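**Q** Quick check, what structure comes out for this input:
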Amino acid sequence: MRVIDSPPSGPVPYEREFALKLLTDMLRIRRMEEKSAELYGEGKIRGFLHLYIGEEAVAVGALHALKPEDNVLATYREHGHALVRGVPMEAIMAEMYGKREGCSRGRGGSMHLFDAATRFYGGNAIVGGGLPLSAGLALASSMKKESRVTACFFGEGAVAEGAFHESMNLAQLWRLPVAFFCENNLYAMGTALARSESQTDLCAKAASYGMATIKVDGMDVVAVHEAARQACAQVREGKGPVFVEFQTYRFRAHSMFDPELYRDKAEVEEWKKRGPIHSYTARLKANGELTEEQFLELDRAAIAEVDAAVAFAEAGTWEPVAELTRHVTAT
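**A** Numbers count the residues shown, from 1 in each chain. Have a look, this model is predicted:
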């Protein structure tokens, strides 16, 4: 079993309002995901469901380094990314219910959240599917001479896909404004990284294309935010794409169908000691920026938001059968 580092510690270098915003968003993701698991067990959310519990620091830290005009693409484990990007929790929950009030009118479900208004372009069920899309969006920005970063989130399993190498090559060759954010949670579905990759240094793969790389502790929201800010600054300055490896860990199984027989329970418990929410909370308390009662108040607010989102989804409507062929193309 890999040796687990000590939890992140030390002062939080942000103004209190922003520091608490990071904590609030991690709590919002955690509570929404926990409720989603419960609703899945009740049969109210169906299909596939991939939870982000344990990885919250990556989405929160990285997305807060972006600007509203930037593009965002993610994987099928994207509920947290959509939420932090600004997609209303009600629209996310309604989408998971399959209701037409959802952000994709109930047609996409958990894996295909989409919201053009926030420039959140998926949610993609295909491993590595967002990589060539990010290259295309970045190429469009480059041709239009827009000051826009395209941020593409993907797991370490995508690094084994041909689309990863093709996208890396073209992005570097054409110096496209892309920030490649790799969420390395060590297990691509149920396969440990060392069992599927002969080269486990993921930054080395990106560097082989001449690309700038950053490796960062993905369980530390401060470290994530600073690395993402650095990457985005380089991209905005026209220095070409940047690859960032966030070393993180999911506390739940790959999906709700996963029996999770491929990793030791003791390993999961060790990683939980580095949980991004409680380690960050401890830093804020040590800094005098947060009391236990204030933390509980933030948590209660997150739970209330989740409850309201569930009520919205429950009250939602199904798309009429007559509408089911809209937006469907046949050849």
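**Q** give me the low-pLDDT residue ranges for the chain?
**A** Applying pLDDT under 70 to the chain picks out residues 1-3.
**Q** for it, what spans make up the helices?
**A** All helices of the chain, identified by DSSP state H, fall at 16-41, 56-63, 79-85, 89-97, 130-143, 162-173, 193-196, 202-207, 221-236, 265-272, 276-286, 292-314.
**Q** Show me the contact partners of the fourth one.
**A** By that I understand helix 89-97. Here helix 89-97 makes contact (Cβ atoms under 8 Å, 6 or more residues apart in numbering) with 28, 32, 36, 39, 44-45, 49, 79, 82-83, 100-104, 106, 108-110, 113, 115, 305-306, 308-310, 312-314, 316. C-betas here are computed from N, CA, C, even on glycine.
**Q** repeat that with 6 Å
**A** Outside of helix 89-97, the residues within contact range by Cβ atoms under 6 Å, 6 or more residues apart in numbering are 45, 82, 101-104, 110, 113, 305, 309-310, 312-313, 316.
**Q** Could you report the neighbour count for the closest residue to D5 other than its chain neighbours?
**A** Distance criterion Cβ to Cβ, 6 or more residues apart in numbering; nearest residue to D5, sequence neighbours excluded, is R274 at 6.9 Å. R274 is flanked by 21 other residues according to other Cβ atoms under 10 Å.
**Q** for the one 5 residues further on, same thing?
**A** Taking other Cβ under 10 Å as the criterion, the count of residues near S279 is 18.
**Q** wouldn't it be in contact with D5 here?
**A** No - using Cβ atoms under 6 Å, S279 makes no contact with D5, being 10.8 Å away.
**Q** Quick check: Q234 vs V149, distance?
**A** Per Cβ to Cβ, to the nearest Å, Q234 is found 10 Å from V149.
**Q** Compare these two (neighbour count), which wins?
**A** Shown here are Q234 and V149; by other Cβ under 10 Å, V149 has more neighbours (26 against 18).
**Q** The more buried one and A228, how far apart?
**A** From V149 to A228 the distance is 10 Å (Cβ to Cβ).
**Q** try N287
**A** Applying Cβ to Cβ, one obtains 22 Å for the distance of N287 from A228.
**Q** Between these two, which is the more surrounded one?
**A** A228 (26 against 14).
**Q** For A160, see how far away the more buried one is.
**A** If you measure A228 against A160 using Cβ to Cβ, the figure is 24 Å.
**Q** Test my guess that the residue nearest to D5 contacts P7.
**A** Yes - judged on Cβ under 6 Å, R274 makes contact with P7 at a distance of 4.8 Å.
**Q** Tell me the bridge partners for A188.
**A** Following DSSP bridges, A188 is listed with bridge partners T191.
**Q** Near it, how many other residues are there?
**A** A188 has 20 neighbouring residues, counting by other Cβ under 10 Å.
**Q** looking at it, it is touching A158, isn't it?
**A** No - applying Cβ under 6 Å as the test, A188 and A158 come out as separate, 8.1 Å apart.
**Q** so how many other residues sit close to the nearest residue to R46 once chain neighbours are set aside?
**A** Spatial nearest neighbour of R46, excluding adjacent residues (Cβ to Cβ, 6+ apart): G98 at 7.2 Å. G98: 22 surrounding residues under other Cβ under 10 Å.
**Q** And V328, by the same measure?
**A** Neighbour count for V328, taken as other Cβ under 10 Å: 7.
**Q** State the distance from it to R46.
**A** As for V328, its distance to R46 is 20 Å (criterion: Cβ to Cβ).
**Q** again, but for F295
**A** Here F295 is placed at a distance of 34 Å from R46 (Cβ to Cβ).
**Q** Also V321?
**A** Per Cβ to Cβ, V321 is found 18 Å from R46.
**Q** Name the residue in the two with the higher neighbour count.
**A** R46 (13 against 7).
**Q** quick one, what contacts T118?
**A** Applying Cβ under 6 Å, 6+ apart, the residues near T118 are R85, G86, V87.
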